[in-house]
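A.B. asks: give me a model of this one.
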Amino acid sequence: QATRKAYRSFGKDPNRYRVSSEALCRRIIRGLGIYRIDTLVDLINLVSVRSGYSIGAFDADRIEGDTLVLGVGKEGEIFRGIGRGILNIEGLPVYRDDKGGIGTPTSDEERTKITLDTKNLFVIINAYGEEIPLDETIAFTTELLRKYASAENIRTDIVSAGLFIE
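C.D. replies: Residues are numbered from 1 along each chain as shown. Next comes the predicted model:
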């Protein structure tokens, strides 16, 4: 609900641009199941369905620069949503690296998507409000990554960011 509220506050219709966690749950309810991509993507989707949070998962080695900036999508900004083609991200919260957008609560970008070659994972839990306790979601994510993806050297940071219009 908190992410849908954020969408509305920026003039984006959350019924047309669904939050990824909601889209996954709607697929399950309609009997379509969730996409089976690969272990990492499937684990992140499981956490998203269980927690209600939209979760971005990226190949960390494909992120350009040392800093991500949270802002609002601009008119005409090019963003290739994974499996969706060009996505209109105007008015959506968007994380950007030095090269451009890498993720929104609706979709992640093709350029930084997880592949079978991904060695370093970067995860963003889009918590615009508390669906379930964030520490539980982080612990569950960490547990799954260790158990099913042999993840090592996991570091977690909770960052609070104000959303601003550029």
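A.B. asks: count the neighbours of the nearest residue to Ile158 once chain neighbours are set aside for me.
C.D. replies: Among residues not flanking Ile158 along the chain, Leu134 sits closest, at 6.9 Å (Cβ to Cβ, 6 or more residues apart in numbering). To be clear about C-beta, it is placed using only N, CA and C from the backbone, and glycine gets the same treatment. Per other Cβ atoms under 10 Å, the neighbour tally for Leu134 reads 14.
A.B. asks: cool, Arg16 as well?
C.D. replies: 9.
A.B. asks: again, but for Glu77
C.D. replies: 18.
A.B. asks: spit out the contact partners of it.
C.D. replies: 89-90, 94, 100-101 (Cβ atoms under 8 Å, 6 or more residues apart in numbering).
A.B. asks: pull out the buried positions in stretch 132-145.
C.D. replies: 137-138, 140-142, 144-145 (16 or more other Cβ atoms under 10 Å).
A.B. asks: rewinding a little: for the residue nearest to Ile158, what are its contacts?
C.D. replies: 125, 127, 158.
A.B. asks: format the residues you listed as TSV; extra columns: secondary structure, distance to Ile37 and pLDDT.
C.D. replies: Formatted as TSV, the contacts of Leu134 follow (DSSP: H, G, I helix; E, B strand; the rest coil; distance: Cβ to Cβ, whole Å; pLDDT from 0 to 100):
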residue	secondary structure	distance to Ile37	pLDDT
Ile125	strand	19	92
Ala127	coil	23	87
Ile158	coil	27	80
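A.B. asks: and those, which is closest to Leu46?
C.D. replies: Ile125 (13.3 Å; Cβ to Cβ).
A.B. asks: show me what contacts that closest one?
C.D. replies: Applying Cβ under 8 Å, 6+ apart, the residues contacting Ile125 are 51, 53, 55, 134, 137-138, 141.
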